[in-house]
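Just need the structure, nothing else, for what follows:
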Amino acid sequence: MNVIHVVAALITEPGGRTLVVRKSGTEMFMNPGGKPEPGESAVQALRRELSEEIGLDVDPVELSALGAFESAAANEPGHQVRAEVFRLRVGGTDHRIGAEIVESCWIDPAEPGFLALAPLAVQHLLPLLIASDRG
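As a prediction, the model looks like this:
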């Protein structure tokens with residue numbers, strides 16, 4: 001099985017909602033992030049991706065490493081995605097759509113509604129938020 005290495009942000013606002021985005025040419029919503037460029041650390045890659053995709057300039061100290069998670073790739077059949085994931089708490093919901101992003105949405109992790117969500121979000125990232133709310 002081919003593995004795609006990415007970085008992803010689990011972004012939350014004070015009300016507990018999390019941000020998901022949909023990239024051009026895709027149907028599933030996922031956490032912001034993407035593939036590191038050669039020579040980039042995970043933090044460098046995530047900071048670049050967040051700036052390009054949603055216009056956030058993030059200080060590295062604001063990112064909390066959550067670990068690496070693996071699941072089926074949302075948009076590439078027959079591939080797995082291995083994501084190095086970081087938590088980012090933001091003070092509000094302001095961001096701007098850029099790069100290849102065509103849509104963004106703030107969702108309740110416990111009740112995401114009827115959005116088509118990437119396996120990584122469903123299997124790993126939303127459950128992390130739900131568990132942290134309980135504990």
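
pLDDT below threshold where in this structure?
The chain contains residues with pLDDT under 70 at 133-135.

which residue is nearest the middle of it?
Closest residue to the average C-alpha location of the chain: residue 31 at 2.1 Å, with CA atoms, centre = their mean.

Do me a favour and get the backbone dihedrals for that residue.
phi -70, psi 140 (degrees, to the nearest 10).

Equivalent analysis for the one 3 residues further on, please.
Comment: the main-chain dihedrals of residue 34 come out as phi 170, psi -160, following degrees, to the nearest 10.

got it, and residue 126?
According to degrees, to the nearest 10, residue 126 has phi -60, psi -40.

Specify the next element, helix or strand, located C-terminal of the helix of greatest length in the chain.
Of all segments of type helix in the chain, defined using DSSP state H, the longest is helix 42-54. Using DSSP states H and E, the next helix or strand after helix 42-54 towards the C-terminus is strand 64-72.

can I get the CA coordinates of that following strand in PDB?
Coordinates of the C-alpha atoms in strand 64-72 are reproduced here as PDB (Å, rounded to 0.1, in the frame of the first residue of the first chain):
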ATOM      1  CA  SER A  64       0.800  21.300  20.000                       C
ATOM      2  CA  ALA A  65       2.000  18.000  18.500                       C
ATOM      3  CA  LEU A  66      -0.700  15.300  18.800                       C
ATOM      4  CA  GLY A  67       1.100  12.500  17.100                       C
ATOM      5  CA  ALA A  68       1.000  10.600  13.800                       C
ATOM      6  CA  PHE A  69      -2.200   8.900  12.500                       C
ATOM      7  CA  GLU A  70      -2.900   6.700   9.500                       C
ATOM      8  CA  SER A  71      -6.000   6.000   7.600                       C
ATOM      9  CA  ALA A  72      -7.300   5.600   4.000                       C
END
